[in-house]
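S.K.: Predicted model, plus sequence, below.
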Amino acid sequence: MLLQDLAFAGRTLRKSPIFALTAALTIALGVGASTAIFSVTNAVLLRPLPYKDPDRLVIACSDLRNRNVRDFPFSNANFIDLREGTKNAFQDLAGVFTDRNVLQREDGTPEQIRLAVVTTNFFRLVGAKMAFGRDFTDADGIPQPPPLPAGAQPAAPPPRVPTLAILSYEYFQRRYGGNPTASYPFPLAGGFHPIRWGTGEALADASKFQAADDQIVLPGYFEVMRTSLLAGRTFTDADNAPGRNVVLIDQLLADKAFPHQSAVGKRILIRTRTPEPEWVEVIGVVAHQREESLAERGREQVYLADAFLGSGGVQNWAVRVSSDPASYGSEIRAAIKALDAHLLITEMQPVETLVGQAQAGTRFSLLLIGVFAVIAGLLAGVGLYGVLSTVVRQRTAEIGIRMALGAGPARIFSLVVGQGLRLTTTGIAAGLIAAFALTRGLTTMLVGVKATDPATFATMAVVFFLIAATASWLPARRAAGLDPTAALREE
């Protein structure tokens with residue numbers, strides 16, 4: 001019985017090859033799209049993360065960004081207050097900050113690594129297991145003794161708390177050969193010091209201090225990057241000297257600290273190199289630079305000269321050239337090596353490449369959306385073509401009668417195309433309404449264009465209208481070319 005049904009289905013499909021091809025193409029597109037969606041969903045949403053109870057983990061900074069709170073990273077004191085104040089709400093709270101650092105190998109050559117500064121409970125919170133050695137303990141997190149005032153001589157050297165590190169298994173294998181009995185010194189240096197700023201009212205109320213992104217730059221930075229100078233001036237060589245308490249700020253900070261007035265010549269309080277805030281003078285205002293991503297505006301920015309925190313804080317260099325930047329790589333490396341052979345140059349790339357890497361996540365999301373949009377367009381076109389082809393086949397006798405009564409090919413053509421375009425107009429109207437309501441979720445991925453951009457909506461409507469017109473043209477052309485006698489005889 002099954003073989004007979006299959007044979008009958010095969011004969012039916014052979015009699016209507018266009019219908020069979022349309023159905024097969026629709027199924028193929030549907031299966032392909034469903035497979036692609038499931039693959040991404042499984043990798044991003046369904047597959048469990050490699051942590052303990054991943055469904056109970058929350059990254060606080062991401063949640064704060066969603067709530068438009070940008071006053072972070074937290075200071076140590078604020079983090080302790082937060083942890084103590086949320087004991088009844090959270091099972092545990094850990095802090096982590098990641099950065100890159102350059103270390104020396106045993107042979108003296110430099111090596112760049114990924115470094116994370118964490119609280120002592122971080123690995124226990126995420127459920128990480130130690131392959132060798134031990135985890136941090138609370139005693140490991142005792143702060144180092146504060147520095148002595150300038151010129152003071154201690155009665156006895158203060159005890160130094162040992163600096164401890166936990167290596168990733170991959171790095172342990174690569175650098176130390178995976179030998180747990182080996183003992184090697186591991187050089188650690190550097191740290192993270194977020195800047196906080198405020199106006200005069202912050203002296204009376206410390207909660208008025210706000211976090212900002214700080215950049216340590218050398219004179220000439222803004223000229224090389226061609227950052228727009230909105231007011232005042234940029235750094236000169238005279239500003240890059242100890243004791244020069246001058247800064248540049250961006251437009252966002254200027255508007256917040258000194259609304260409706262010039263910020264040049266004004267003073268702000270910053271807390272970065274001393275426990276107590278200190279006054280600095282604003283000598284210039286520059287355009288805001290998006291550092292996190294093109295879609296994320298980011299926080300206010302303060303620019304410090306290299307000598308403000310002690311010369312040597314600059315870790316990144318910008319070189320403007322007149323032709324292809326990639327062709328200058330060997331010359332730049334040779335110049336740096338001649339200065340100091342132990343300096344490590346990493347990530348020497350054109351700015352376009354860096355911007356592309358920063359947008360990789362957004363580009364991937366938009367690529368998926370674009371692929372699904374193309375598939376949706378193909379499905380719409382194939383579906384409309386299949387519907388109209390079926391309608392033409394079912395109305396073959398009617399079309400024959402119309403032609404016998406005097407309707408010309410142009411009239412039949414417009415009849416079929418008109419039916420297809422009416423269906424299309426209804427679908428486009430419903431789609432525009434749905435898109436207007438749903439595209440607000442794409443706001444975080446858009447730069448320089450609104451989620452409800454009229455030009456984009458109009459373009460998509462025109463594109464789908466053209467797809468529908470093409471899909472309608474083929475069966476309409478077939479209907480207009482029917483022989484009335486043959487059509488009536490076939491019916």
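M.R.: Nice, I can see it. Note that this is a predicted model, so its numbers are computed, not measured.

S.K.: Could you use CA atoms for every contact and neighbour count after this?
M.R.: Will do.

S.K.: can I see the domain layout of this protein?
M.R.: 74-144+161-176, 195-350, 360-490 (automatic domain parsing).

S.K.: Skipping adjacent residues, who's closest to Ala116 in space?
M.R.: Thr98 (4.2 Å; C-alpha to C-alpha, 6 or more residues apart in numbering).

S.K.: you'd agree the one you found is up against Leu115?
M.R.: Yes: with contacts defined as C-alpha atoms under 8 Å, Thr98 counts as touching Leu115 at a distance of 5.6 Å.

S.K.: More neighbours: these two, which one.
M.R.: Shown here are Thr98 and Leu115; by other C-alpha atoms under 10 Å, Leu115 has more neighbours (16 against 11).

S.K.: can you confirm the more buried one is in a strand?
M.R.: Yes: secondary structure assignment places Leu115 in a strand (DSSP: H, G, I helix; E, B strand; the rest coil).

S.K.: Against Leu230, how distant is Val285?
M.R.: Distance from Val285 to Leu230, counting by C-alpha to C-alpha, to the nearest Å: 5 Å.

S.K.: Now for these two: what residues contact both?
M.R.: With contacts defined as C-alpha atoms under 8 Å, 6 or more residues apart in numbering, the residues adjacent to both Val285 and Leu230 are Gln251.

S.K.: neighbour-wise, which of the two wins?
M.R.: For Val285 versus Leu230, the count of surrounding residues by other C-alpha under 10 Å is larger for Val285: 26 against 12.

S.K.: would you put the C-alpha positions of the strand or helix carrying the more buried one in PDB?
M.R.: Using DSSP states H and E, Val285 sits in strand 278-286. The C-alpha coordinates for strand 278-286 follow below in PDB (Å, rounded to 0.1, in the frame of the first residue of the first chain):
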ATOM      1  CA  GLU A 278      43.200  66.800  44.300                       C
ATOM      2  CA  TRP A 279      42.300  69.800  42.100                       C
ATOM      3  CA  VAL A 280      43.300  69.800  38.500                       C
ATOM      4  CA  GLU A 281      42.800  72.500  35.900                       C
ATOM      5  CA  VAL A 282      40.900  71.800  32.600                       C
ATOM      6  CA  ILE A 283      42.900  73.200  29.700                       C
ATOM      7  CA  GLY A 284      40.900  71.700  26.800                       C
ATOM      8  CA  VAL A 285      37.800  69.900  25.800                       C
ATOM      9  CA  VAL A 286      37.900  67.200  23.000                       C
END
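
S.K.: Other residues contacting it?
M.R.: Around strand 278-286, the neighbours that count as contacts under C-alpha under 8 Å, 6+ apart are 227-234, 245-251, 254, 263-271.

S.K.: Now do the helices in the stretch 1-150 of the chain.
M.R.: Taking DSSP state H, counting those that start in this stretch, the helices of the stretch 1-150 of the chain run over residues 2-15, 17-41, 60-66, 76-85, 122-126.

S.K.: meant to ask about the stretch 251-400 of the chain, not that
M.R.: Counting by DSSP H, counting those that start in this stretch, the helices of the stretch 251-400 of the chain are 251-257, 329-339, 351-358, 360-394, 396-404.

S.K.: Put together a markdown table for those helices, with mean neighbour count, mean pLDDT and distance to Ala241 on each row.
M.R.: A markdown table is the format used below for the helices of the stretch 251-400 of the chain (neighbours: other C-alpha atoms under 10 Å; pLDDT from 0 to 100; distance: least, C-alpha to C-alpha, whole Å):
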| stretch | mean neighbour count | mean pLDDT | distance to Ala241 |
| --- | --- | --- | --- |
| helix 251-257 | 18 | 94 | 24 |
| helix 329-339 | 12 | 83 | 22 |
| helix 351-358 | 12 | 78 | 29 |
| helix 360-394 | 17 | 78 | 39 |
| helix 396-404 | 19 | 77 | 90 |
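
S.K.: okay, these in a markdown table with distance to Lys52 next?
M.R.: Below are the helices of the stretch 251-400 of the chain laid out as a markdown table (distance: least, C-alpha to C-alpha, whole Å):
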| stretch | distance to Lys52 |
| --- | --- |
| helix 251-257 | 40 |
| helix 329-339 | 44 |
| helix 351-358 | 29 |
| helix 360-394 | 25 |
| helix 396-404 | 66 |
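
S.K.: looking at these, which is closest to Arg478?
M.R.: Arg478 lies closest, by C-alpha to C-alpha, to one member of those: helix 360-394, at 8.4 Å.

S.K.: chain center to that closest one: distance?
M.R.: The chain centroid and the centroid of helix 360-394 are separated by 27 Å under C-alpha atoms, centre = their mean, to the nearest Å.

S.K.: And for stretch 89-109?
M.R.: With C-alpha atoms, centre = their mean, you get 22 Å for stretch 89-109.

S.K.: SS state for the closest residue to Ile270 other than its chain neighbours?
M.R.: For Ile270, the nearest residue in space outside its immediate sequence neighbours is Trp197; the separation is 4.3 Å by C-alpha to C-alpha, 6+ apart. Applying three-state DSSP to Trp197 yields a three-state assignment of strand.

S.K.: pretty sure Trp197 is touching Gln210, no?
M.R.: Yes: with the criterion set as C-alpha under 8 Å, Trp197 and Gln210 qualify as a contacting pair; they are 5.5 Å apart.

S.K.: residues in contact with Phe457?
M.R.: Residues touching Phe457, when contacts are defined by C-alpha under 8 Å, 6+ apart, comprise Leu432.

S.K.: quick one: buried residues of the helix or strand hosting it?
M.R.: Under DSSP H and E, the secondary-structure element containing Phe457 is helix 454-480. Neighbour-count burial for helix 454-480, with 16 or more other C-alpha atoms under 10 Å as criterion, is recorded at 457, 461, 464-465, 467-480.

S.K.: swap in stretch 26-43?
M.R.: Counting neighbours by 16+ other C-alpha under 10 Å, stretch 26-43 gives Thr26, Leu29, Ala33 as buried.

S.K.: Is it possible to get a markdown table of these that adds pLDDT and distance to Asp135?
M.R.: As requested, the buried residues of stretch 26-43 are exported to a markdown table (pLDDT from 0 to 100; distance: C-alpha to C-alpha, whole Å):
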| residue | pLDDT | distance to Asp135 |
| --- | --- | --- |
| Thr26 | 74 | 56 |
| Leu29 | 73 | 51 |
| Ala33 | 73 | 46 |
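
S.K.: In a markdown table: the residues you listed, plus distance to Phe90.
M.R.: As requested, those are exported to a markdown table (distance: C-alpha to C-alpha, whole Å):
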| residue | distance to Phe90 |
| --- | --- |
| Thr26 | 50 |
| Leu29 | 46 |
| Ala33 | 40 |
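
S.K.: pLDDT at Thr181, what is it?
M.R.: You'll see Thr181 listed with a pLDDT of 65.

S.K.: Met1 too?
M.R.: The predicted structure scores Met1 at 64 on the pLDDT scale.

S.K.: need the contact list for the residue lying closest to Ala128 once chain neighbours are set aside.
M.R.: The shortest distance from Ala128 to any residue other than its chain neighbours is 7.2 Å, reached at Tyr51 (C-alpha to C-alpha, 6+ apart). When the contact criterion is C-alpha under 8 Å, 6+ apart, the partners of Tyr51 are Val126, Gly127, Ala128.

S.K.: Count the neighbours of Val286 for me.
M.R.: Applying other C-alpha under 10 Å, we find 23 other residues in the vicinity of Val286.

S.K.: That one and Ala429, how far apart?
M.R.: Distance from Val286 to Ala429, by C-alpha to C-alpha: 45 Å.

S.K.: what do you get for Gln394?
M.R.: Applying C-alpha to C-alpha to Gln394 and Ala429 gives a distance of 28 Å.
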